[in-house]
Each structure stands twice: as C-alpha cells, then as structure tokens.
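In: what follows is a protein structure lacking sequence information:
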C-alpha cells in the first residue's frame, strides 16, 4: 500500500517539477497550478476534518469504557462499604474481584497519599506521576482525565474519580486506565487509507483533465505555429483537422485563408513578372534612343531640348533599375533566383564596384574612402550578383546621407568555426535607422524613410543573394549618426 502511495506521490512530484521548469507552458500551466492548488486545499481540509472526526470517535469510545469503570455506582459501592465499617483496602479487594472490565482496562484503588492500594492487573505499582489523580483530589468535582505516555513508552487514557465519605471528605480514588497504542495505530491506518484515496482521486482528476485540456491546447498550439509560418511567407502550410468542433472549424478557416492568400500571392507575382517584362522592352528603346540623340550632332539643338534628352535618359535608367528590382523580386518570391557560380575574387569585384561608384559619389559631392586587402579572396560565387549587392548597399548609403559626408568601406578576413570568411563593412554618416524600424529593414517593401526614393525591394533581394552565397548581412544604425552594414561571405581556404 505504501509503495502505491509512493508511486502516486512520485508522479505528482514529476508533474509539479515539469510545471516549475516551464516544460508545461501557457494555458496548461496556469490551469494545472489552479486546479492542483484548489484540489490540494479541498483535500487537505477533508483530510484534516476526517482525521479529527475519526480520532474523536475512537477516543470517545475509549473514554466511555473508562468512564464505565469509574462510574458513580463504583464510587457509591466504596461509600456504602466504608459506612458499614469496612476499610478501603477490604472494599478494594471485593470490588476488584467483581470488576467486569479487566480485559479492556486496568483499575487502581488509590489512597489519599497517592499510594496504589490494589491493581486489577495483580502487580504491585511503584510510585509514578499521576496528573489526573492529583487534579481530581484537588478540584471540587473530584474527577479528572489524562491522555499521554507513561514512562515515555505506553500511551494511556486514564480517568480518576475521588471516593468521598458521607461527610464529603475525599478518602481515596478510583483510577481506570486503557492502553490506546492500538487505537492510535488504527487511527493512523485509517488516516493513511483516506490520504491514499484522496491522492488517488486527485491524480485521476488531474490527469483526466490534463488529457482533456491537452486535446484543446495541442491543436491550438499547432494552429498558432501554422499561422506564424503563414505570416512568415510559407503559404504551403496546412493544418490537420483533428476534431469536428470549433477548433476544427478554425483549422478549416485558416487553411482556406492560406489557400486564398497563396492564390492572390501567385497572381501578384505573375502580374509583377509580366508587367516587368512588358516594361523592360520599351524602356530599353526609350533609353537607347535618348542616348543616341544625346550623342548625335547637337549643333542645331537648343539648350532646353538637350536638357530634356538628359532627363529622359536619366529617368529611363532609373525606371530600368526599378524594373530589374521587380524582376529580382518576382524570382525571389517564386524561388527562381538562381546563382551562376564560378571562381571569382570577391574583393576584386568589390573594388571594381567601388571604382564605378566613386565617380558618381564624387560628382554628387560625397567622399568615399576604402581599405581593401590585396590578398585574393577566392570563392565559388556569382560575380554579377555580388556586384549587385555591393552597389545596392552603396547606393543606399548615398541616398540616406547628406552631400559632403563620407562613406567608408573596409574589408578584412576572419574565421568562424574554423571556416574562412571575408568581412566587408560599409558605413555612412546619414540619417540612420530608428530602433523600431531596424528589425524590419530587410523585409520586402518595407521603407524606414518614406521621404527617400526607392521601392523597398532592394535590401530584401540583397539579403537573399547573400544568403544564397552562404553569408549574412548585419545592420547596425543610430538615428542622426549613420548606418553600418556588415557583409560576411565564405571563401576558400588558402593553399
């Protein structure tokens, strides 16, 4: 029986341990804490009340037996015998011989000096502490009760009633005792049985309700995870319908929503791809003819026309770049952004990009400084896509900075987990990005500063290109100070 109780208690301990260690979270954890707390309090009250009731019942039963031994009729017997001239000792011998409760109790006849004249057990009694006798001989009622241990071993219940003569003077006492060790053992056994039963009921309640709540929590958790994936752009996620109830209806609604979003997203991507291809051809023609007219004989062309042709070429070029961004975005969305990998020197591509960019920056009033090692940084990469990454970040540094400020570029080599990487840091002294916007700047169509021209696509495409190369982009910025973009790209180990 104790083994069963220990096993159940161990299960409860493991459950509480899981709750404390946060292995059971959310609604389940709150519910378990509440239900275990309420049930434990109710069961504790029940256990205490039942224990008190059982103890009172058994002790009252013993007290009734003891009281029967020291009844008023027993006292009257001694009073009558003494009035007839018999001594206390003679009366005690006759009384003990006729005493009917010898099997369940022990009776002592005690004189006024506290000496036991006669015992129903037949053994002589040495002097010992008798609190109930002392109290009974002192109080007016002449009766007292005692429950406790004698000689720190045997636990007894004793009742002492004083014997009085016809004048009311106390001439001795009757003390009836009963061993209650066995009674306490029975009470302990019953208490343990009640505890075991309450513990068993508690375990059944907790685990049955835990099973029920898990049938709600697990589907809700799966729905929560699925919605997070959908929000992150994974529109192929579907939730398995487990129950034909409100949760099942919710799963169907989310699946239907995901299907509709996927269809709308495909339509959007198809439209972007189609319109980008349709715009590319006329823009190429406009830009080409504009450059042709600009480079042709302009002796007879007035200044306004020349300026108009320059604006046409410039804006056509800007629109062409925007169309290319849309095409890259379309490839990114449909998973068709592929790299044309070949052996190339990453830092050489960076330097070439900087050479082109530096002329434009100086022309617009910016200072560009860079420090690039001459050591080759060979990697299996797409050179054109890497140039696109560098140009995009440099272009952002230019757009978000004021004329007269500096753009700094530095490259070096580091190792991560014993693998070689080239680290490229590009810093500007521009307006910076707020702490609220910083986590979102690599998201598609997100613009931290709407006053600056741009589609909000470039950085998302840039991040995807770097990721496809096995690298990372980290952005650190402070409003009013500037922005630092750090690109990490894997390279081959030097021989």
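Out: Perfect, thanks for sending it. Please read these numbers as outputs of a predicted model, since none were measured by experiment.
In: hey, let's count contacts and neighbours off CA atoms from now on
Out: Will do.
In: where exactly do the strands run in this protein?
Out: 106-110, 116-119, 143-150, 154-164, 170-179, 342-345, 367-371, 378-381, 406-416, 419-428, 472-478, 482-490 (DSSP state E).
In: what is the first one packed up against?
Out: Looking back up the chat, that one is strand 106-110. If you count contacts as 3 or more C-alpha pairs under 8 Å, 6 or more residues apart in numbering; DSSP states H and E, strand 106-110 packs onto strand 116-119, strand 170-179.
In: least reliable of the ones you listed going by mean pLDDT?
Out: For the helices and strands packed on strand 106-110, the weakest mean pLDDT is recorded on strand 116-119, namely a mean of 84.
In: what residues sit buried inside that strand?
Out: For strand 116-119, the neighbour count (16 or more other C-alpha atoms under 10 Å) marks 116-119 as buried.
In: what do you get for stretch 128-148?
Out: For stretch 128-148, by 16+ other C-alpha under 10 Å, it's 132-137, 142-147.
In: make a markdown table from the buried residues of strand 116-119 and add distance to residue 200 to it.
Out: Below are the buried residues of strand 116-119 laid out as a markdown table (distance: C-alpha to C-alpha, whole Å):
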| residue | distance to residue 200 |
| --- | --- |
| 116 | 51 |
| 117 | 54 |
| 118 | 52 |
| 119 | 48 |
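In: skipping adjacent residues, who's closest to residue 191 in space?
Out: residue 51 (6.1 Å; C-alpha to C-alpha, 6 or more residues apart in numbering).
In: the one you found: neighbour count?
Out: 19 (other C-alpha atoms under 10 Å).
In: about what we covered before: tabulate the buried residues of stretch 128-148 (a markdown table), appending distance to residue 283 and pLDDT.
Out: Shown next, in a markdown table, are the buried residues of stretch 128-148 (distance: C-alpha to C-alpha, whole Å; pLDDT from 0 to 100):
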| residue | distance to residue 283 | pLDDT |
| --- | --- | --- |
| 132 | 116 | 88 |
| 133 | 120 | 86 |
| 134 | 120 | 87 |
| 135 | 118 | 88 |
| 136 | 120 | 87 |
| 137 | 123 | 88 |
| 142 | 122 | 86 |
| 143 | 119 | 89 |
| 144 | 116 | 91 |
| 145 | 113 | 90 |
| 146 | 111 | 90 |
| 147 | 108 | 89 |
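In: just the closest of those residues to residue 59, please.
Out: residue 147 (9.7 Å; C-alpha to C-alpha).
In: that older thread, compare the helices and strands packed on strand 106-110 and give me the one nearest residue 393.
Out: Nearest to residue 393, of these and by C-alpha to C-alpha, is strand 170-179 at 94.6 Å.
In: what lines up beside the closest one in the sheet?
Out: strand 106-110 (antiparallel), strand 154-164 (antiparallel) (DSSP bridges).
In: now the angle from it to strand 143-150?
Out: 40 degrees (axes from the mean of the first three to the mean of the last three C-alpha atoms, to 10 degrees).
In: name the surrounding residues that touch strand 170-179.
Out: The contact list for strand 170-179, computed with C-alpha atoms under 8 Å, 6 or more residues apart in numbering, reads 62, 66-67, 69-70, 75, 88, 104-112, 133, 137, 154-165.
In: again, only using 7 Å
Out: 66, 69-70, 104-112, 155-165 (C-alpha atoms under 7 Å, 6 or more residues apart in numbering).
In: quick one, helices of the stretch 151-300 of the chain?
Out: Secondary structure of the stretch 151-300 of the chain, counting by DSSP state H, counting those that start in this stretch: helices at 181-231, 246-295.
In: mean neighbour count, mean pLDDT and distance to residue 386 added to these, as a markdown table?
Out: Shown next, in a markdown table, are these (neighbours: other C-alpha atoms under 10 Å; pLDDT from 0 to 100; distance: least, C-alpha to C-alpha, whole Å):
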| stretch | mean neighbour count | mean pLDDT | distance to residue 386 |
| --- | --- | --- | --- |
| helix 181-231 | 15 | 83 | 29 |
| helix 246-295 | 15 | 77 | 22 |
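In: would you reformat these as a markdown table and include distance to residue 430?
Out: Formatted as a markdown table, the helices of the stretch 151-300 of the chain follow (distance: least, C-alpha to C-alpha, whole Å):
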| stretch | distance to residue 430 |
| --- | --- |
| helix 181-231 | 32 |
| helix 246-295 | 31 |
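In: out of those, which is closest to residue 433?
Out: Using C-alpha to C-alpha, the helices of the stretch 151-300 of the chain put helix 181-231 closest to residue 433, at 24.1 Å.
In: so residue 221 versus residue 465, what's the distance?
Out: Noted for residue 221: a distance of 33 Å to residue 465, by C-alpha to C-alpha, to the nearest Å.
In: ok, residue 477 next?
Out: Distance, residue 477 to residue 465, by C-alpha to C-alpha: 22 Å.
In: which of the two has more residues huddled nearby?
Out: More crowded of residue 477 and residue 465, by other C-alpha under 10 Å: residue 465, with 22 against 19.
In: give the burial count for the residue nearest to residue 293 when sequence neighbours are not counted, as a bare number.
Out: Of all residues not flanking residue 293 in the chain, residue 309 sits nearest, at 7.4 Å (C-alpha to C-alpha, 6+ apart). When neighbours are defined as other C-alpha under 10 Å, residue 309 has 19 of them.
In: so for the closest residue to residue 259 other than its chain neighbours, what's the pLDDT?
Out: Closest residue to residue 259 apart from its sequence neighbours, by C-alpha to C-alpha, 6+ apart: residue 235 at 7.4 Å. With respect to pLDDT, residue 235 scores 76.
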